[in-house]
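following is a predicted model, sequence given first.
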Amino acid sequence: MKTLLEELSTILTMAFEEAGVSSRPIEVSYSRRPDLCDFQCNSALKHASSVSKKPLVLAEEVAKILKKKSAFLEVSAEKPGFINLKLAANWVSKRLKQMNQMDRLGCKASDNPQNLLVDFGGANVAKSLHVGHLRSAVIGESLIRLLYFTGHNVIGDIHLGDWGLQMGYVIEMVRLKDASLPYFEETTLDGYPEEPPFDIVELTELYTQANIKSKSDEAFKAKAAQATVELQKGRKGYLALWHHIMTVSKADLKKNYDQLQVHFDLWLGESDSQKHIPYVLKHLDEMKLLVESEGAKVVHVAKASDKKPMPPCIMQKSNGAALYATTDLATIYQRTLDKNLDGIIYVVDKRQELHFEQVFRVAHISQMVSPALNLKFIGFGTMNGLDGKPFKTRDGGVMALSDLIEMITKRALIKLEQYSQLESHEEKTQAALKIGVGALKFADLSNQTDRDYVFDMEQFTSFEGKTGPYIQYAIVRMTSILNKLSEQKTEASENFSGKTAIEKALMIKLAAFSDWVHMAAETYQPSKICDYAFDVAQTFNTLYHEVHVLYNSKKRQSELMSLLNLTREILEECLWLLGIETLEKM
Ligand code: ARG
C-alpha cells in the first residue's frame, strides 16, 4: 500500500498530466495552514513555464480536474499558484479500512530491503553502565525496530569494549589484593578456579580504584599496560581472569539492558576481531597504503575536498600494538566475512565522528569491503544536567544507569501513589517501572539524535505535554472506553465517519502513519515517531473532551469505536517502535 503522501502525489501527477504538464516531480505536502486545508501542492509554480502558462492559470486548471476526484472534499487554486486540498472523509475512511486489514497497518516494506547491522550500546566490560550509555542503547534499539518494521533484515551487535587497558587495570589490582592467587602463575594445566574471585560490585570497585591509582602511580600504570599486552599475547592465567571479568560483567550488563528493554542479537566484542588484525595489516601493506610516521604505521585518508582537517589514521603504534581504529577495521572485515551485509550503522557518541570517518575511509580506500557497503555513523549528543554540563550525581560523580532508572521509577511511583486507579502496591511498582523507563526513553528519543538535551525528571515524568507518560496515558484512556463499549456489547462499525472536524482530523493523521514511519526510518530519526505519536495523542485528547463517546447513540458509538480501536493500535505501534511498553491501566 502506498503511503498517504505517495497516493496523493500519484493523483496529482495524473491531474497535472491531464493539464498537459509532463515535467516531474509533482509534490504534495502537509498544509502549513491546517485551518485552510489539509494538504497543499506548489508544483504549478514550478512547472507552469513548461506549458507557457501563468502559475495561477495552471493551478486553476489542475484544481478543476481534481474536483472530480473522490479523494477531495474541496480543492482551490490560490495566488500565486498554490493548490489547497481538503480530503473527503469517505475517501480517508476507505484507506483506514484497508490499513486495518493489512499487516503492519499497511506500512509497506522498503522497495530495497537490506541486510543491516547496527553497532550500538558501546558498553565496556569491568565497568557498569552509566548515564553516558543511555543514548546509544535507546536510539539503537529504536532504529533496529524502525528498520525491521520497514522491511529490512537487521542484526544488533553490542561490540563490547573487552580488550583494552581496563583489563590490565583489573589484573594488576587483583594482584595487589592477593598476589598468591593462581592467576599470576603460569600453569600448564587448567589450574585456575572456576568461580570468579569477585562479584560485580567488587569488580567495579577494583576498576575504579585502579583508575584512581593510575593517575598518581606511573609504575602501576606501566604494569597494567604490560599486563594488557601479555593478556593479548595469550598468557593463560590472565586469560582465565579475563574470562571471569567477562562472565561477571556480561551478566550485569544484560540485567541493565533488560530493564531498558534493549536487546542485542550478537554479544561480540573487540576481542573477537583480534584474530583478523594480522590479515588487515597485511592487506593494507600489500595495497601500499601503510606509511611509516614517527615510528607508527598510518594510512593517509585526507581528500582534496575535505573542509575539515583529516589526520592520517594510525593503524599500529611504534611498539607494534594495534589501536581502536585497527580493531574497528578488523571488525568491519569480520562482519563482512560472516554476513552478506549491505550496511553497518554505528550509534556512537558524536565526539567519535572523526574516528569513524577515518576507519570508513580506510575500509573503502583499501577495497577491503565492497564499494557498495554503506558505512553510516549516527552520532548522538550528550544528556546534560540542569547546569548544561554532562549529567552527574549530586556529588559530581558519574551516575550509574541503574541509579538513574531507579530515580525516575521512584518519581513515577510517587505520582502513581497520588493519582492511580491501580490498587495494589505490587501493580503500582510494576507500572512505575514501565512509566519511568518510558519517560526516560521518550524524552531521549524526542530529541534529534545529534542534539544535546537536559535531563529534567519533572518534565519527563509529567502526564502533560510531550512525554512518554502522556502517550501511555492516552492509550489507557482509550482502553478504558473501549472496554466499557465492549461490556455494553457495542461493536465497532466497519467505516469511519469523520462527522465532526476533530474526528476527521484524527482520521487524516492515522492515515499518515506509514509516511511518518518511513520518514523516521529513512532519516534514522526516531524523534519523528515521537512527534507523530504526540500529535495523534493530542488530537485524541481533544476528541475525548469534545465528543463524549459513552453518551452517544449506539450508531455513533460504534463509529467512534472503530476510530478509537485504530488510534490505540497506531499509538501502541509507535511506542513499540520507540521501545516503550504500554499499560492496561495506570
Ligand atoms: N566502547 C566504546 C567506547 O566506550 C564505544 C564502542 C562503539 N562502537 C565501535 N564499533 N567502536 O567509547
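Done, it's in.

going forward, measure contacts and count neighbours with C-alpha atoms only.
OK.

please report phi then psi for residue 204.
phi -60, psi -40 (degrees, to the nearest 10).

show the model's pLDDT score for it.
You'll see residue 204 listed with a pLDDT of 92.

if I look at the residue nearest the centre of the chain, how far off is residue 444?
By C-alpha atoms, centre = their mean, the chain has its centre lying nearest to residue 139, at 2.8 Å. For residue 139, the distance to residue 444 (C-alpha to C-alpha, to the nearest Å) stands at 8 Å.

quick one: mean pLDDT over the helix or strand encompassing the residue nearest to the centre of the chain.
If you go by DSSP states H and E, residue 139 is part of helix 134-149. Mean pLDDT, helix 134-149: 98.

with stretch 307-314 instead?
Stretch 307-314 shows a mean pLDDT of 96.

just stretch 338-350 next, same as before
Rounded mean pLDDT across stretch 338-350 is 95.

kindly report the same for stretch 515-527.
Across stretch 515-527, pLDDT averages out at 97.

alpha carbons of that stretch, as CSV, please.
Taking C-alpha atoms only, stretch 515-527 is exported to CSV below (Å, rounded to 0.1, in the frame of the first residue of the first chain):
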residue,chain,number,x,y,z
ASP,A,515,4.6,8.3,5.9
TRP,A,516,5.9,9.0,9.4
VAL,A,517,7.4,5.5,9.9
HIS,A,518,9.2,5.7,6.5
MET,A,519,10.4,9.2,7.2
ALA,A,520,11.8,8.2,10.6
ALA,A,521,13.5,5.1,9.2
GLU,A,522,15.0,6.8,6.2
THR,A,523,16.4,9.7,8.2
TYR,A,524,17.4,7.5,11.1
GLN,A,525,15.4,9.8,13.4
PRO,A,526,13.1,8.2,16.0
SER,A,527,12.2,11.7,17.0
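
in it, what counts as buried?
515-518, 520-521, 524-527 (16 or more other C-alpha atoms under 10 Å).

nearest to the ligand among those residues?
residue 524 (17.2 Å; C-alpha to the nearest ligand atom).

which residues touch the closest one?
Residue 524 makes contact with residue 143, according to C-alpha atoms under 8 Å, 6 or more residues apart in numbering.

picking up where we left off before, what's the following helix or strand after the helix holding residue 139?
Next along from helix 134-149, by DSSP H and E: strand 153-157.

quick one: residue 418 from the ligand, how far?
As judged by C-alpha to the nearest ligand atom, to the nearest Å, residue 418 and the ligand stand 40 Å apart.

contacting residues around the nearest residue in space to residue 362 that is not next to it in sequence?
Nearest non-adjacent residue to residue 362, counting by C-alpha to C-alpha, 6 or more residues apart in numbering: residue 301, 6.7 Å away. Applying C-alpha under 8 Å, 6+ apart to residue 301 gives the contacts 310-313, 358, 361-362.

show me which of those residues are buried.
For the contacts of residue 301, a burial check counting by 16+ other C-alpha under 10 Å picks out 312-313, 358, 361-362.

and which of these is nearest the ligand?
Of the buried ones among the contacts of residue 301, the one sitting nearest to the ligand (C-alpha to the nearest ligand atom) turns out to be residue 358, at 12.1 Å.

what helix or strand is the closest one on?
Applying DSSP H and E, one finds residue 358 within helix 353-365.

show residues contacting that helix.
299, 301, 310, 312-313, 325, 328-329, 332, 369-371, 375, 377, 379.

let's see that with 7 Å instead.
Residues from elsewhere that reach helix 353-365 (C-alpha atoms under 7 Å, 6 or more residues apart in numbering): 301, 313, 325, 329, 369, 371, 375, 377, 379.

in it, what's buried?
353-354, 356-365.

pull the most distant pair out of the residues you listed.
353 and 365 (18.1 Å; C-alpha to C-alpha).

strands along the stretch 401-550 of the chain, start to end?
453-454 (DSSP state E, counting those that start in this stretch).

and what of the stretch 1-150 of the chain?
Using DSSP E, counting those that start in this stretch, strands in the stretch 1-150 of the chain cover 28-30, 39-41, 72-78, 82-87, 115-119.

closest to residue 452 out of the ones you listed?
Residue 452 lies closest, by C-alpha to C-alpha, to one member of those: strand 115-119, at 20.8 Å.

quick check: domain ranges of the protein?
4-87, 115-157+267-384, 165-259, 403-578 (automatic domain parsing).

contact residues of this structure facing the ligand?
Selection of the chain residues close to the ligand by C-alpha under 6 Å from any ligand atom yields 122-124, 159, 161, 328, 348.

same thing but 8 Å
119-124, 158-161, 324, 328, 331, 346-349, 352, 356 (C-alpha under 8 Å from any ligand atom).

next, count neighbours for residue 387.
9 (other C-alpha atoms under 10 Å).

same thing with residue 388?
Residue 388, neighbours per other C-alpha under 10 Å, totals 13.

which stretches of this structure have low pLDDT?
188-189 (pLDDT under 70).

in it, which residue sits nearest the ligand?
Counting by C-alpha to the nearest ligand atom, the chain gets nearest the ligand through residue 122, at 3.9 Å.

isn't that residue up against residue 157?
No - here residue 122 lies out of contact with residue 157, judged by C-alpha atoms under 7 Å, at a distance of 9.3 Å.

surely residue 472 touches residue 580?
No - using C-alpha under 7 Å, residue 472 is not in contact with residue 580, being 9.0 Å away.

where's the residue lying closest to residue 519 once chain neighbours are set aside relative to residue 365, distance?
Distance criterion C-alpha to C-alpha, 6+ apart; nearest residue to residue 519, sequence neighbours excluded, is residue 528 at 7.4 Å. Distance of residue 528 to residue 365, computed by C-alpha to C-alpha: 35 Å.

for residue 546, grab the count of nearby residues.
Look at residue 546: counted by other C-alpha under 10 Å, it has 12 neighbours.

for the one 5 residues further on, same thing?
Neighbouring residues of residue 551 were enumerated by other C-alpha under 10 Å; the total is 9.

repeat that for residue 254.
14.

quick check, it in a helix?
Yes - counting by DSSP: H, G, I helix; E, B strand; the rest coil, residue 254 is found in a helix.

re the thing from before, now do the contacts for the residue of the chain closest to the ligand.
Per C-alpha under 7 Å, 6+ apart, neighbours of residue 122: 158-160.

cool, residue 559 as well?
Applying C-alpha under 7 Å, 6+ apart to residue 559 gives the contacts 492-493, 495-497.

swap in 6 Å and give it another go.
Residue 559 is in contact with 493, 496, counting by C-alpha atoms under 6 Å, 6 or more residues apart in numbering.
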